[in-house]
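> Here's my sequence, what's the structure:
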Amino acid sequence: MPTASTKRRYTAGAALVVAALMTTTACGGGGGDDENGEGAGYNAGIGKIANKSSKKGGTLKFIAKQPIDSADPQRAYYGMTWDFMRYYTRTLVTYDTKPGEDSNKLVPDLAKAKAEISDDGKTYTYQLRDGLTWEDGSKLTSKDIKYGIERIWATEVITGGPAYLKQVLDPKGEYKGPYKDKAKDKLGLKAIETPDDQTIVFKLPKANSDFENMLAMPSGSPVKQEKDSKAKYANEPFSSGPYKFESYRPGKSLTLVRNTKWKKSSDPVRPALPDKVTVTFSANKEENDKKLVAGEYDIDMNGTGMTQSGRITAIQDHKANVDNMETDFIRYVALVTKTKPLDNVDCRKAVFYGTDFASLQKTRGGKLAAGDIATNALPKAIPGADDYDPYGVLERKGKPDAAKAKDSLKKCGKPNGFSTKITARTDNPGEKEAATQLQQDLGKVGIKLEVDTIVGSESSSITGSPSVTAKRGYGLVMSGWGPDFPSGQGFAQPLFDSRFIAENGNYNEAQISDKKIDKYFDDAIAAGSPEEAAKIYTDLNHRVMDQAVWMPFLQEKNITWRGNDVTNVYSSAAYSGRYDYIMLGKK
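Reported below is the predicted structural model:
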């Protein structure tokens, strides 16, 4: 699940200040109020619900330093966008509204119950709830769900979203999408059947135990065919949830108001507490934090943590409004295997050995504010993750090994080093600073980096396009990734499986094309038990690291703010540690 800063770099002194403050706070327990007695308590939203309430009304105000990637459910891939989309999109099944790991459980949404599974795990049948409606009051049917899913195939128009359903339902790529569909009703995808308006049946060529998790992503949302404006659908999606769009200025602001045609009797998941939900998009990260602390906004929609100055102010003066979030995100650098000389494994290993992981951790905020140094390609929460560290990063306490870096450069025929480009998203906190730090680190061993900044919302058509990557000469891509769903397939397949490489919306940014890795995925998906699959994902993890194609550097944590007046606040593992947005209310 994917996600120009100021030129001032995060200093060692600032990192120590935050670390000291966090240590003091952590030792002080989990419940103390701030000086005004208004906060729910430090870490009150971790594993439990802060300010529990069923009160309706008011306006919930989000602020976001990074815009959503798309408001179109079939095009969105940012975790914060998926979290937010539950206000206006529904799926057959969705994630439970409970704190922590309990949120990873799937519960019925549009469907009356989870699937009836038959044919050795290859057929999934759902019956829809009664009373499902669109925002114009018209009936929502099984055909609307099928049509919405079919849009994933229209890659000439619908770009950027996850491709799991396309791969699982049509692995040979025989269907061409609804815009090229020759069927009169544009519902020609054979793998999905709609025998009546209340029934939908999925027929998989091969069994896949994660299939219902794929349906829970927004790409499994219905779209009303008459309202589908193709590429323009992102400007004003048609709502199937409790809120609808009142206004949307991409990159500026977004306002949702109540969908009066939504029926609570048809939706046991969403309490729909606020009367209105607003989002302000602003790239001024420091100013955003000040406005959160001042009460002008309630929640940071991005959920990626506060800035250096924001963290210090929040922890010193308002610790009862702070949660130190554990996430399933990994911050990483993809090494583009099609860009010379990074097509050579030893040149790639030189990058690993030349990197100062401890400095990258410090740049992002230090151990407590940014997370532990990562040494391999799976988050700790994914079955199959281990402590594999083939480059000895932790043994060196995160520091570089210049001798091994220079030896690797000799082995790849570049004894004097080489030059390449690294991308960094300007609207992702700390990414430009981390790229600049890496530029300094690698420069010491002769690897010269040019930092090229991009806007995060455009990444699917820049770093997500192999042809654009080649044209611009990118060798390194800095980004972050969390699980789409809690399995090795749900985290790693878009990143490492060659069959997921696409001309637009490609997340295998390293352009890994390794048949052994592809087979690992096939074997794990076909495994007879989760334990057997986990062993295969461990081997896959080691293979990725041994090839030096994907360099993780942080298992992410962050310092997150919750406003005094926000109710029902808790961290959801299903959304990589972010708050569960559809549960939030106002006092």
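
> For Asp389, which non-adjacent residue is closest in space?
Thr375 (4.0 Å; CB to CB, 6 or more residues apart in numbering). Any C-beta I mention is one placed from the backbone N, CA and C, and that applies to glycine too.

> Shouldn't Ser408 be within a helix?
Yes - counting by DSSP: H, G, I helix; E, B strand; the rest coil, Ser408 is found in a helix.

> How many residues are close by it?
For Ser408, the neighbour count with other CB atoms under 10 Å is 24.

> tell me which residues in stretch 315-327 are buried?
315, 318-327 (16 or more other CB atoms under 10 Å).

> can I assume the residue nearest to Asp389 is in contact with Tyr388?
Yes - between Thr375 and Tyr388 there is a contact under CB atoms under 8 Å: 6.7 Å.

> More neighbours: which of the two?
Between Thr375 and Tyr388, counted using other CB under 10 Å, the more crowded position is Thr375 (22 against 16).

> Tell me where the stretch 401-550 of the chain has strands.
Along the stretch 401-550 of the chain, counting by DSSP state E, counting those that start in this stretch, strands occupy 418-425, 447-454, 474-481, 550-561.

> Using CSV, lay out the buried residues of stretch 315-327 together with pLDDT and secondary structure.
What follows is those, written out as CSV (pLDDT from 0 to 100; DSSP: H, G, I helix; E, B strand; the rest coil):
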residue, pLDDT, secondary structure
Ile315, 92, helix
His318, 96, coil
Lys319, 95, helix
Ala320, 97, helix
Asn321, 97, helix
Val322, 96, strand
Asp323, 96, strand
Asn324, 95, strand
Met325, 92, strand
Glu326, 90, strand
Thr327, 92, strand
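
> ok, the residues you listed vs Phe357, which is closest?
Thr327 (18.1 Å; CB to CB).

> worst-scoring helix or strand of this structure, pLDDT-wise?
helix 12-27 (a mean of 43; mean pLDDT, DSSP states H and E).

> any weak-confidence spans in the chain?
Applying pLDDT under 70 to the chain picks out residues 3-38, 429.

> 80 - rerun?
Within the chain, the segments meeting pLDDT under 80 span 1-39, 427-429, 457.

> Outline the domain layout of it.
The record assigns the chain these domain ranges, following automatic domain parsing: 12-71+240-323+564-586, 79-235.

> returning to what we had before: following the least confident helix or strand of the chain, which helix or strand comes up?
Going down the chain from helix 12-27, the next helix or strand is strand 59-64, by DSSP states H and E.

> now the angle from that next one to strand 550-561?
140 degrees (axes from the mean of the first three to the mean of the last three CA atoms, to 10 degrees).

> Tabulate the domains of the chain (CSV), appending distance to Gly475.
CSV is the format used below for the domains of the chain (distance: least, CB to CB, whole Å):
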stretch, distance to Gly475
domain 12-71+240-323+564-586, 24
domain 79-235, 23
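
> Which of the ones you listed sits closest to Ile447?
For Ile447, the closest of these is domain 12-71+240-323+564-586, at 23.5 Å, according to CB to CB.

> Now do the shared contacts for Thr375 and Tyr388.
Applying CB atoms under 8 Å, 6 or more residues apart in numbering, one finds that Thr375 and Tyr388 are jointly contacted by Met545.

> now the strands of the stretch 401-550 of the chain as a markdown table including distance to Tyr87 and mean neighbour count?
Shown next, in a markdown table, are the strands of the stretch 401-550 of the chain (distance: least, CB to CB, whole Å; neighbours: other CB atoms under 10 Å):
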| stretch | distance to Tyr87 | mean neighbour count |
| --- | --- | --- |
| strand 418-425 | 25 | 22 |
| strand 447-454 | 28 | 17 |
| strand 474-481 | 24 | 25 |
| strand 550-561 | 20 | 25 |
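
> how about these, which one is nearest Gln167?
Set against Gln167 and scored by CB to CB, the strands of the stretch 401-550 of the chain come closest in strand 474-481, at 17.9 Å.

> Show me what that closest one is packed against.
Here strand 474-481 touches strand 322-335, strand 418-425, helix 431-443, going by 3 or more CB pairs under 8 Å, 6 or more residues apart in numbering; DSSP states H and E.

> Which positions in the last one come out as buried?
Which is helix 431-443. Those would be 431-439, 441-442, for helix 431-443 by 16+ other CB under 10 Å.

> now stretch 539-547: how far from the chain's centre is it?
Remark: stretch 539-547 is offset 22 Å from the chain centroid, using CA atoms, centre = their mean, to the nearest Å.

> re earlier: and the strands of the stretch 401-550 of the chain: which comes nearest Pro171?
strand 474-481 (23.4 Å).

> Now tell me what touches stretch 461-472 from outside.
With CB under 8 Å, 6+ apart, stretch 461-472 has contacts from 159-160, 336, 338-339, 421, 423, 452, 454, 474, 477, 479, 501-507, 509, 511.

> please redo it, this time with the cut-off set to 6 Å
423, 454, 477, 504-506, 509, 511 (CB atoms under 6 Å, 6 or more residues apart in numbering).

> Also stretch 64-84?
1-3, 85, 89, 151-152, 158, 160-161, 218-219, 221, 233-234, 237, 251, 279, 281, 283, 285, 288, 301-303, 427-428, 456-457, 482, 575-576, 578, 581.

> Okay, and which of those residues map to strands?
Using DSSP state E, 279, 281 are the members of the contacts of stretch 64-84 that sit in strands.

> Filter the contacts of stretch 64-84 down to just the buried residues.
Among the contacts of stretch 64-84, those scoring as buried are 1-3, 85, 89, 151-152, 158, 160-161, 218-219, 221, 233-234, 237, 279, 281, 283, 285, 288, 301-303, 427-428, 456-457, 482, 575-576, 578, 581 (criterion: 16+ other CB under 10 Å).

> Kindly reformat the strands of the stretch 401-550 of the chain as a markdown table containing distance to Gln493.
Formatted as a markdown table, the strands of the stretch 401-550 of the chain follow (distance: least, CB to CB, whole Å):
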| stretch | distance to Gln493 |
| --- | --- |
| strand 418-425 | 22 |
| strand 447-454 | 24 |
| strand 474-481 | 11 |
| strand 550-561 | 13 |
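
> right, so of the ones you listed, which gets closest to Lys261?
Of all these, strand 550-561 sits nearest to Lys261, with 34.0 Å by CB to CB.

> and the closest one, what other elements does it pack with?
strand 322-335, strand 371-372 (3 or more CB pairs under 6 Å, 6 or more residues apart in numbering; DSSP states H and E).

> CSV please, covering those and showing distance to Gly464.
Shown next, in CSV, are those (distance: least, CB to CB, whole Å):
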stretch, distance to Gly464
strand 322-335, 11
strand 371-372, 25
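
> nearest to Pro205, of those?
Closest to Pro205 of the helices and strands packed on strand 550-561 is strand 322-335 (CB to CB; 29.7 Å).

> Contacts for the helix or strand that the closest one is followed by next, please.
Using DSSP H and E, the helix or strand that follows strand 322-335 in sequence is helix 345-354. For helix 345-354, the external contacting residues (CB under 6 Å, 6+ apart) are 335, 341-342, 391, 400-401, 404-405, 408-409, 411-412, 442, 445, 447, 548, 551.
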